[in-house]
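S.K.: Can you look at this prediction? I've put the sequence above it.
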Amino acid sequence: MRRSLNKMQNARLPMAGMAVAWLLVVGVVIAGCGTAPTPENQDEPLELAAAMGGDTLGYARADQVREFDFPTDYGAHPDYKTEWWYFTGNLFSDEGRRFGYEMVVFRTAMAPEDTTQTPIASDWTTRQLYMGHFSLADPETGDFHAFERFSRGGAGLAGAESPPFRIWLNDWTMASMDAFNPDELFPIRLQAQEDGVAIDLTLNAIKPIVLQGDRGWDPKGAGAGNASYYYSFTRMETTGTVTIPDGTFDITGQSWKDHEWSTSALGPDETGWDWFALQLDDGRDIMYYQLRREDGSVSPFTGGSFIEVDGSKRHLTTGEVELIVLDTWQSDVSGAEYPVRWELNIPAEDLALEISAVQPNQELNVSVRYWEGAVDISGRYGDQPASGVGYVELTGYDTQQLPQ
Amino acid sequence: MNNLSNSPILSVSDLSKSYQEGSKSRDVLQGLSFEINRGELIVLLGRSGSGKSTLLNMISGMDAPTSGSIRFQNTDLTSLTESQRTLFRRHSIGIIFQSFNLIPTLTVEENILLPLELDGSVTPEQRKKALDVLDEVGLGDRNRSFPDLLSGGEQQRVAIARALAHDPMLILADEPTGNLDFRTAEVVMTILERIVHDKERTMLIATHDRDIIGLADRVLELREGVLHEIDPTSYATHQSGSLAG
Amino acid sequence: MALSILGVAVGVAVVVGIDLANTSARTAFKLSTETVAGRATHALVAGNGQLSDSVFTSLRVDVGYRDSAPAIEGSVRMGAPDGQVVQVLGIDPLAEEPFRSFTGGPQSNLNLGRFMGQVPAVLLSEPTASRLSLSEGSSFSVWKEGREVELVIEGFLPSDSDLDAAALDNLLITDISTAQALLAMPGELTRIDLILPDSPADEAVIQEIKSWLPANVELRAAATRTGTLDQMTRAFSLNLTAMSLLALVVGMFLIYNTMTFSVVQRRPLLGRLRAVGVTRREMVWMVLGEAAMIGTVGSIIGVAGGVLLGNALVGLVTQTINDLYFVVRIRELDLSMWTLLKGMAVGLGSTILSALPPAREATRTSPSMVLKRSTSESSTREKIPSLLIAGLGLLVLGAAILWLSGQSIAWSYLGILAVILAFACWTPPLVLWGARLMRPVLGRFFGIIGRMGASGIEQSLSRSAIAVVALTIAVSATTGVGVMVDSFRTTVNTWLTYSLEADIYISPPGDVFRRNDATILKTAEESIRTAPGVAEVYSVRTARVTIDGRESDLIVTEPRPRELEPGRYKSRMSGDHRSAMRERDVVMVSEPYAFLYNVDVGDTLEIVTKTGPTPFEVGAIYYDYASDLGLVQMTRSRYDIHFDDPLVSGLAVYVETGLDPSAITEDLRTRTASIQGLNIRSNRDLRQASLDVFDQTFTVTTVLRLLAILVAFVGVLTALMALQLERSRELAVLRANGMTPGQVGRMITVQTSSMGLLAGILSVPLGLVLAWLLIYVINQRSFGWTLQFQIDGAILLQAVLLAIVAAALAAIYPAISMGKTNPTEALRTE
């Protein structure tokens, strides 16, 4: 599960179903990031519920386990409100420099299909809004580059297709490189560039696909349909180049891909989440997300996966994972205070990890501010020392970003 | 000299004129009464500002009195409108100005014929008569000239001819010699005297030149708005010998 | 004094009024251009008039240049096929942020889902909406090229944006999708706005974009758009300005007149002042100081009047611009401080300039001359030989300027001014002789009054001559322009007669009459082509394309079987240019085009086609009066090879022999009514409509002519008022001698009407000279048109009558006033 766009959705609720793009994005903060539940929010459950109903009306819902159909399902699912393709990874150059990258494309349907209206006959006509985020962490300098862009899903300006797999937002692209075999997802080439910062990466999966939750159906809140379809490639060998204003670096490393789509997921009382994608050096991967609620407690829909070297998965349930914040960092930009060092324990696995950000400043100063950053892992698995790298996403910490 | 006509051609009775000067009213003429008979040459004496011009303006119908009446035979001037007075003036009054006042754009002949022309077309008889008058003033040969080519005395003689040409009932002259040198003035006065007495014309000359008195049948003098009849012989001692003839 | 102030005021008012109207049109255009261009520094436009939206996609996806935004511009009519024209701007809200703030910032309530093509959504300013009685969420219909389209108000434009409220007036903002559908531009954009970095370091970016550009697309600086207006309306504006300056020249005579009078009137005083030791220099300053005061007061009143006049004229100017060039809406007069100051400066400057000769004259007043009243008049008469010589000199100078000024219109006007001044110099002697000639004639009709009236002109020559000069110039300008317009109209009419040879003409309603590039729907075209009784149909397409680097109108025609008369061509290539135009890349250009861009037969034009700049040979120059901006004509077969544009802008229909064209016209209307509202006009109706627009174009000119007459009228009035003062004693003598007030009035009227008659007669030769200069110099140098010089006796007669009537009207008040002259004045000694 994941992320900003999800929050965008959440944000729309108080706005009574107005499908406003960036407004939305900022508005999210109202319900999500910002906030700490205000008395008004509590006074309006009915309205929220109604709004939610109105908002999701006419869209397909993730209300049951479904059969995935690849390669078609690598592409877009326009009848669902929200969808994203998420790539993160830790990259190392021969010279010993390391980088963390995030490249994500969000798709939002701004209106359900309306059979009573004939849309305008034009290539530009679209219900789909695409948003892209691209960030690069540079621990050696402490620089953190983050970019955001939007585009309509028409006139060839942005889109998501498969087969062949191609997701693009203007000149940012995530595309299958196998020209001879359109059904083949890998290798995937990621290209993103802006203001002298760029990545050009080639990804090859070294572990099979993981269908998260229940065979890819992942409930996120109470009520039917408050769930998403969610699959991941938790470990992809990555090569290519990273360009920063200092120069271009040949790198190798490993990446993680999430693809998730839904129409509504979060419950109204959920204020943010901490999400972990951890790649241990022994070949195991852990995905864990913890939904925080208004009262500070952990939502019962919190969960994750424990993925073995062979790709086999064990579902992690609420309460199975213990997360303790060891250190925090306050952003100069937003003033938000983010956790940057944790202790993560899975007693059942006898796993105890310390997770620390490779650099504290990995806050994306975009429409909806959040923290998404590369982390280092150390600790023990049983009695063996454990280490690794990963990516963590933290949302709902920026209480400044409240609308006036 | 024939100053004995049957009836007066002009009767002025109880004529008063006052001007409003701010909130005060200034009486220029007070209760004037006099008559002028046909063939008379009357001299109106008075210092500057004594009201001579005002009286002439009223007699000529160019100004209206505050009270009293001005009667020319059957016509009561005070009962006429501005336009009627103008027409009366055109037909019945001839005016001789101190500064000649010929129309510079008109020839001598045209100037003389002006009152007649203003009345419409001029008949050959009228024209002949007018030219005769020009002969009378001794300028018969200058009828085609423009006024600016004439001397002051000649201009005044043309002006006299203009005043006579339409055979007016009364000729008014306002300081006719005022702008002329002594010798020229003499000539002009001789002409004036002759045209009155030879052709039985009637003339009222306003002047402060006491030399003219010798020509007068009667002398009236305005003093502070009141008219006094003066015996012309009382001025005899002042008469210039040259005017005796 | 009051009159001289009035004279200055009227002159300044005309200049300011015209200038304001011109400036407002320019500002409105600039504002709307800037509004729609936003912060763009450059734009990509297609030389062939067809910019594929894939260019934008490629720019974003392949080149990755993100400071770019697509735009579609057009106009529609509100509510009805002939409703108010409003501007349409199609945008991509997600590309807008660096460029414009129409869609608001993050606080916008814009529903992108609906806006981006789910419904025909538009945004407009709240004042516009309330003026059109529309509320948010309501739908309304607009008309585009005879099609009705329903639009929905999705929201209001942000009122607190950095955009000028005036710029947002009558502007509909819509998504690219809706704009494409509304304006019938599927897959097309009007332009792509760019913000290009201006640092040399980023030169590489610009080079990359340039090297990527498709052949038919060019990169232009945003500023060049505003220049378009100046380029298009250059001659139009200049000619208006010249007309307004003419009013000022007439006004200057007036000022000169009154200033002279004020000096003459006070000759005794000035003489006495000189006698008591006032120096010449001091006297000059005194007179000039007085002029400055008159100039200041007059200019202030004039500027105020100019604002009022500008308000009235701006509508006419806009109408003309809309008929001929492009749609521009002027919401309010643009009171540019510069124009107002300029008006002040012109008024004050010209007053002082006009006061210089009288000021010099004042210094010449010697104490001994005081009493001689006729000195000034006789000196005027003495000046006659030198006036004649000065006039000759000015004529030679004017001719020299006209000869040597090449194509400069401003210099040409200066030359014309010299010619006018030459006539002005000759006017006093001519008035003198004329008055002498008229004296006996008037004497015959009006007796002494007639003679005195005629003599009065001569007597006060310095006064009356100036009045006659002012009136002559004003009336001759009227005659000159009248003859020019008449010649123009006759030429156009002849041209229309041979150009319009089909029976029925069909075109979609466009926004600009003379430049209609609206298109006919294919279905409508088909319905017309297959209608019974229709023998032959020939299409015309008007397209905006880049020719030799300039955006020009390309007329695409289907050759008709009938051979065109040789008289239609100014020059032609050897051989059959018509078949050459079908078989090779040969075009022909209109006479103004050839003139404006110095193109001759055999030259090569570079026309941007779908494959980029392509050379075309000029095969002929043809006479055309439809566009002062010049046209290039291509045959349909060549156009189809070089352009992907199957649409047509007009159809010419020949009816089968023996059938009644009016019945067919009705039938075609019925057949197409449900498809597209088209203008279906008979040959005669179209010609009439064309002439109506022609006439409308010259409405402004007519108004200006009347204003010049008004100034001259004031001039005559001033002259008469001066006469009244000057001749009060003479009038009193006449009154004393029995002239009735009515006769005084008649004398003045005869005198004034005679002056009017003289002015009228004198204006005929000057008017014809002016007409000749306007047709063969100004028109030639402005537009390059060949016009047939056409003298209509009625216009000349009209001019003479106009002069007499203006003069007679001006006499009314002075005649009454002078009639009241108190005859007792005559007895008053000096």
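M.R.: Right, received. Where do you want to start?

S.K.: near chain A, which residues of chain C show up?
M.R.: Selection of chain C residues close to chain A by CB under 8 Å from any CB of the partner chain yields C:53-54, C:56-57, C:60-64, C:66, C:92-95, C:106-114, C:116-120, C:175-178, C:180-181, C:186-187. Any C-beta I mention is one placed from the backbone N, CA and C, and that applies to glycine too.

S.K.: how far away is the residue in the stretch 201-350 of chain A that chain C sits nearest to from A:Thr141?
M.R.: Of all residues in the stretch 201-350 of chain A, A:Pro245 sits closest to chain C, at 13.0 Å by CB to the nearest CB. In this structure, A:Pro245 lies at 10 Å from A:Thr141, with CB to CB, to the nearest Å as the measure.

S.K.: Tell me the buried residues in the helix or strand hosting B:Leu227?
M.R.: Under the criterion DSSP states H and E, the helix or strand holding B:Leu227 is strand B:226-230. If you call a residue buried by 16 or more other CB atoms under 10 Å in any protein chain shown, then strand B:226-230 has these buried ones: B:Leu227.

S.K.: Alpha carbons only: can I get it in CSV?
M.R.: Extracted in CSV, the C-alpha atoms of strand B:226-230 (Å, rounded to 0.1, in the frame of the first residue of the first chain):
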residue,chain,number,x,y,z
VAL,B,226,-32.3,122.5,-18.6
LEU,B,227,-32.9,124.4,-21.8
HIS,B,228,-32.6,128.2,-22.0
GLU,B,229,-33.7,130.2,-25.0
ILE,B,230,-31.1,132.9,-25.7
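
S.K.: Residues in contact with it: which ones?
M.R.: Under the contact criterion CB atoms under 8 Å, 6 or more residues apart in numbering or on different chains, strand B:226-230 has outside partners B:30-34, B:45, B:218-222.

S.K.: average model confidence for that strand?
M.R.: When pLDDT is averaged over strand B:226-230, the result is 84.

S.K.: What is the neighbour count of the closest residue to C:Asn257 other than its chain neighbours?
M.R.: Setting aside the residues directly before and after it, C:Asn257 is nearest to C:Ile466 in space (CB to CB, 6 or more residues apart in numbering or on different chains), at 4.2 Å. Applying other CB atoms under 10 Å in any protein chain shown, we find 27 residues neighbouring C:Ile466.

S.K.: Check whether C:Ile466 sits in a helix, strand or coil.
M.R.: helix (DSSP: H, G, I helix; E, B strand; the rest coil).

S.K.: What residues does it make contact with?
M.R.: Counting by CB under 8 Å, 6+ apart, C:Ile466 has contacts C:253, C:256-257, C:260, C:715, C:719.

S.K.: how near is C:Ser32 to C:Ala223?
M.R.: As for C:Ser32, its distance to C:Ala223 is 15 Å (criterion: CB to CB).

S.K.: In contact with C:Glu188, which residues?
M.R.: With contact taken as CB under 8 Å, 6+ apart, C:Glu188 is in contact with C:50-53, C:72, C:180.

S.K.: picking up where we left off before, which two from the contacts of C:Ile466 end up farthest apart in space?
M.R.: Based on CB to CB, the longest span within those runs between C:Thr260 and C:Gly715 and measures 12.5 Å.

S.K.: These two - which one has more neighbours?
M.R.: When C:Thr260 and C:Gly715 are compared on other CB under 10 Å, the one with more neighbours turns out to be C:Gly715, at 33 against 23.

S.K.: and the contacts of strand B:226-230, which are buried?
M.R.: The neighbour-count criterion (16+ other CB under 10 Å) marks B:30, B:32, B:34, B:45, B:218-222 among the contacts of strand B:226-230 as buried.

S.K.: Just those: which are in strands?
M.R.: Counting by DSSP state E, the members of the buried ones among the contacts of strand B:226-230 that fall within strands are B:30, B:32, B:34, B:45, B:218-222.

S.K.: Just confirm C:Gly415 contacts C:Ile401, I think it does.
M.R.: Yes - C:Gly415 sits in contact with C:Ile401 when judged by CB atoms under 8 Å, with a separation of 3.5 Å.

S.K.: Looking at the two now, which is surrounded by more residues?
M.R.: In this comparison of C:Gly415 against C:Ile401, neighbours counted by other CB under 10 Å, the higher total goes to C:Gly415 at 23 against 19.

S.K.: which residues does the more buried one contact?
M.R.: Contacts for C:Gly415 were tallied using CB under 8 Å, 6+ apart; they are C:398-402, C:405, C:773, C:777.

S.K.: Flag every buried residue along the helix or strand where B:Thr86 lies.
M.R.: The secondary structure element spanning B:Thr86 is helix B:82-92 (assigned by DSSP H and E). When burial is assessed from 16+ other CB under 10 Å, helix B:82-92 yields the following buried residues: B:85-90, B:92.

S.K.: what's the answer for stretch B:69-86, then?
M.R.: Taking 16+ other CB under 10 Å as the neighbour-count basis, stretch B:69-86 is seen to contain the buried residues B:70-72, B:75, B:77-78, B:80, B:85-86.

S.K.: and chain C, which of those contact it?
M.R.: When the buried residues of stretch B:69-86 are filtered against chain C using CB under 8 Å from any CB, the residues retained are B:Thr86.

S.K.: Just the ones of the buried residues of stretch B:69-86 in helices?
M.R.: Secondary structure from DSSP state H places B:85-86 of the buried residues of stretch B:69-86 in helices.

S.K.: Going by distance to A:Gly221, which of the buried residues of stretch B:69-86 wins?
M.R.: Nearest to A:Gly221 out of the buried residues of stretch B:69-86 is B:Thr86 (CB to CB; 112.7 Å).

S.K.: Give the closest residue to that closest one in space, chain neighbours not counted.
M.R.: Take B:Thr86 and drop its neighbours on the chain: the residue closest to it by CB to CB, 6+ apart is C:Thr740, 4.8 Å away.

S.K.: need the contact list for that neighbour.
M.R.: For C:Thr740, the contacting residues are B:83, B:86-87, B:90, B:118, by CB under 8 Å, 6+ apart.

S.K.: repeat that with 7 Å
M.R.: Going by CB atoms under 7 Å, 6 or more residues apart in numbering or on different chains, C:Thr740 touches B:83, B:86-87.

S.K.: wait, doesn't A:Pro182 sit right on A:Pro164?
M.R.: Yes - A contact is recorded between A:Pro182 and A:Pro164 when judged using CB atoms under 7 Å, the distance being 3.9 Å.

S.K.: Off-centre distance for the longest helix belonging to chain B?
M.R.: In chain B, assigned by DSSP H, the helix with the most residues is helix B:182-199. The chain centre lies 13 Å from the centre of helix B:182-199; the measure is CA atoms, centre = their mean, to the nearest Å.

S.K.: Contacts for that helix, please.
M.R.: When contacts are taken as CB under 7 Å, 6+ apart, the neighbours of helix B:182-199 outside the stretch itself are B:1, B:41, B:136-137, B:152-153, B:156-157, B:160, B:164, B:173, B:176-177, B:180, B:201, B:203, B:212, B:215, B:242.

S.K.: If we go by neighbour counts, what in it is buried?
M.R.: The neighbour-count check on helix B:182-199 (16+ other CB under 10 Å) flags B:184-189, B:191-193, B:195-197 as buried.

S.K.: Residue 361: how many residues sit nearby?
M.R.: With no chain named, the answer covers chain A. Here the number of neighbours of A:Asn361 (other CB under 10 Å) works out to 18.

S.K.: could you do chain C instead?
M.R.: C:Glu361: 19 surrounding residues under other CB under 10 Å.

S.K.: That one: what's it in contact with?
M.R.: C:260, C:263.

S.K.: so what's residue 76 scoring on pLDDT?
M.R.: I went with chain A, as the question did not name one. On pLDDT, A:Ala76 comes in at 96.

S.K.: The chain in question should be chain B.
M.R.: Here the pLDDT value assigned to B:Asp76 is 88.

S.K.: is it true that it touches B:Ser69?
M.R.: Yes - taking CB under 7 Å as the contact criterion, B:Asp76 and B:Ser69 are neighbours in contact, 5.9 Å apart.
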